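>>> Pasting a predicted model and its sequence here:
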Amino acid sequence: MAINSRHCLSKIFQPITAVSKTANIGHKDVTSKSQRLMLELGIIQQANPGSFHFLPLGIKSLNKLKKIVDDEMCKVGGQRVMFPSLINTKLWENSGRLENAGPELFQLKDRHDHSYVLSPTHEEAASELISSVSPLSYKQFPLRLYQITSKFRDEMKPRFGLMRGREFLMKDMYTFDIDAQSAKRTYEEICESYNKIFERIGVGFVKVLGTSGNIGGSLSHEFHFKADIGEDKVLFCNGCNYSANLELCKSHTCPKCGVEKSVDISNCIEVGHTFLLGDKYSKPLKARFLSKSGKPEDLQMGCYGLGLSRILAASVEVLSSEQEMRWPDTLAPYNVIIVPPKAGSKEEKSTKDVAEKLYTKIEDHIPELKDNVLLDDRLFLTIGRRHLDARRVGYRYAIVINQRASENVPLFELNDIKTNVQVYLDENQLYQYIKENTLL
């Protein structure tokens with residue numbers, strides 16, 4: 001919340017508590033460090049098993065992630081839409097997917113006894129949309145539609161917080177092309193855009209051959225973060241650079257070069273998935289276009305998912321210690337926190353208004369930090385306590401205002417929490433350090 005155009009920590013709703021005291025959850029239910037840290041430090045709060053409230057700091061990080069995704073989707077011609085979450089069951093019957101959906105698919109009926117699914121993905125809805133305005137001219141393709149919405153899956157045992165829930169936030173794109181060659185080019189272009197998204201996020205990732213599962217298609221890739229708690233096992237061949245989900249491999253032998261000794265198996269968290277679908281959905285749902293000859297033909301599709309709430313949690317999981325949360329610079333709710341002296345202290349009297357002025361100057365000198373500076377105005381607490389809180393929440397830089405800020409040439413204590421560096425810098429050195437070391 002901004003007070004007088006400043007973000008002040010005392011005004012932010014951030015219930016910091018032990019997990020055992022949070023609603024509907026106890027220590028035995030916490031199965032990952034990201035889940036525990038995000039709960040304890042007031043980033044999320046559990047609503048019921050597998051569903052979470054996103055609190056202000058969580059929303060701020062999520063919005064940064066959405067911005068990265070929107071930027072890259074725009075670059076590849078993506079147009080943002082929003083499909084309904086309630087999808088008529090007949091669409092899933094027509095695509096042939098309903099009978100194999102399994103118990104994880106939420107199904108319900110309205111008061112008129114009409115059947116619906118609470119959609120975990122929207123291939124049918126996207127196809128039905130195009131069908132409803134078909135046949136479109138071949139000149140109107142390729143068409144690339146995406147959304148960022150909540151999805152639903154009836155997990156038997158939700159776990160790992162945001163990484164395996166019943167309600168989760170996804171970016172899903174559905175592309176339509178007039179032939180298989182064009183669809184393959186689109187597939188490669190969107191996969192490259194996913195590379196750029198993960199490069200901008202700043203957490204190490206791998207792209208591997210994936211399983212098509214219930215969604216189907218002729219080609220699939222998965223994007224993963226390596227992590228011990230990851231539920232996917234990925235095979236990496238050091239001999240020929242082949243990499244794939246282990247489900248695609250019959251054993252621990254590389255299926256491409258046949259060498260066993262050069263293979264590594266890693267636990268990974270899947271954070272993105274792409275599928276080249278062909279006409280699996282467009283044909284039964286009659287999503288067509290008019291060719292140059294005027295003949296209606298089936299469109300070729302692709303679908304592309306990013307688990308946004310999962311990416312947020314997985315980033316924290318990969319980067320954090322057991323006691324302190326860490327964010328990639330691009331997703332941290334705030335990048336800089338300023339810690340003024342305690343009320344009534346000698347330092348407070350000699351550095352009056354220094355923190356507020358520095359706040360404004362940082363945003364002026366480093367435009368990328370606009371709206372990313374936070375003032376810890378809880379002056380009833382010691383500097384040490386507030387600095388400890390800043391470390392636990394994982395703000396990249398904590399700038400402490402102490403007695404040295406009142407010298408003829410004011411010096412500021414800069415704590416680079418990511419690298420565990422503490423230095424005293426004048427104003428210009430401070431701005432320069434932050435500019436050179438922050439990935440935004």
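Okay, I see it.

>>> where along the stretch 51-200 of the chain do the strands fall?
51-54, 79-80, 86-88, 106-109, 115-118, 136-137, 143-152, 167-177 (DSSP state E, counting those that start in this stretch).

>>> possible to save these as CSV with distance to residue 200?
Glycine gets a C-beta too; all of them are placed from N, C-alpha and C. Formatted as CSV, the entries for the strands of the stretch 51-200 of the chain read as follows, by distance: least, C-beta to C-beta, whole Å:
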stretch, distance to residue 200
strand 51-54, 21
strand 79-80, 18
strand 86-88, 32
strand 106-109, 33
strand 115-118, 32
strand 136-137, 33
strand 143-152, 16
strand 167-177, 14
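
>>> just those: most buried one?
Taking mean count of other C-beta atoms under 10 Å as the contact definition, the stretch among these with the greatest mean neighbour count is strand 167-177, which reaches a mean of 24.

>>> strand partners of it, parallel vs antiparallel please.
For strand 167-177, the paired strands and their directions (DSSP bridges) are strand 143-152 (antiparallel), strand 300-307 (antiparallel).

>>> any idea of the mean pLDDT in the longest one?
When pLDDT is averaged over strand 143-152, the result is 98.

>>> Tabulate the CA atom coordinates of that strand in CSV.
What follows is strand 143-152 as a C-alpha-only set of coordinates in CSV (Å, rounded to 0.1, in the frame of the first residue of the first chain):
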residue,chain,number,x,y,z
LEU,A,143,-4.1,-17.2,-34.7
ARG,A,144,-2.6,-17.3,-31.2
LEU,A,145,-4.9,-16.9,-28.2
TYR,A,146,-3.9,-17.1,-24.6
GLN,A,147,-5.3,-16.5,-21.1
ILE,A,148,-4.1,-16.2,-17.5
THR,A,149,-6.8,-17.8,-15.3
SER,A,150,-7.4,-20.2,-12.4
LYS,A,151,-7.6,-23.9,-13.3
PHE,A,152,-9.0,-26.8,-11.2
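
>>> Can you give the contact residues for that strand?
Taking C-beta atoms under 8 Å, 6 or more residues apart in numbering as the criterion, the residues outside strand 143-152 that touch it are 66, 69, 73, 76-83, 85, 106, 118-122, 126, 129-130, 136, 166-176, 186, 190, 304, 308.

>>> Would you pull up how far it lies from the middle of the chain?
14 Å (C-alpha atoms, centre = their mean, to the nearest Å).

>>> ditto for the shortest one
On the basis of C-alpha atoms, centre = their mean, strand 300-307 sits 16 Å off its chain's mean C-alpha point.

>>> Quick check: next helix or strand after that strand?
Read in the C-terminal direction, the helix or strand following strand 300-307 is helix 308-319, with elements assigned using DSSP states H and E.

>>> Which element is encountered next along the chain beyond that next one?
Along the chain past helix 308-319, the next helix or strand (assigned with DSSP H and E) turns out to be strand 336-339.

>>> Strand partners (parallel or antiparallel) of that next one?
Using DSSP bridges, the strands paired with strand 336-339 are strand 373-375 (parallel), strand 397-400 (parallel).

>>> Quick one: closest of the ones you listed to residue 415.
Between residue 415 and the strands paired with strand 336-339, the shortest separation by C-beta to C-beta is 4.3 Å, and it involves strand 397-400.

>>> Check what contacts that closest one and list those residues.
The set of residues external to strand 397-400 that reach it, using C-beta under 8 Å, 6+ apart, is 335-339, 358, 383, 387, 390-391, 412-417, 430, 434, 438.
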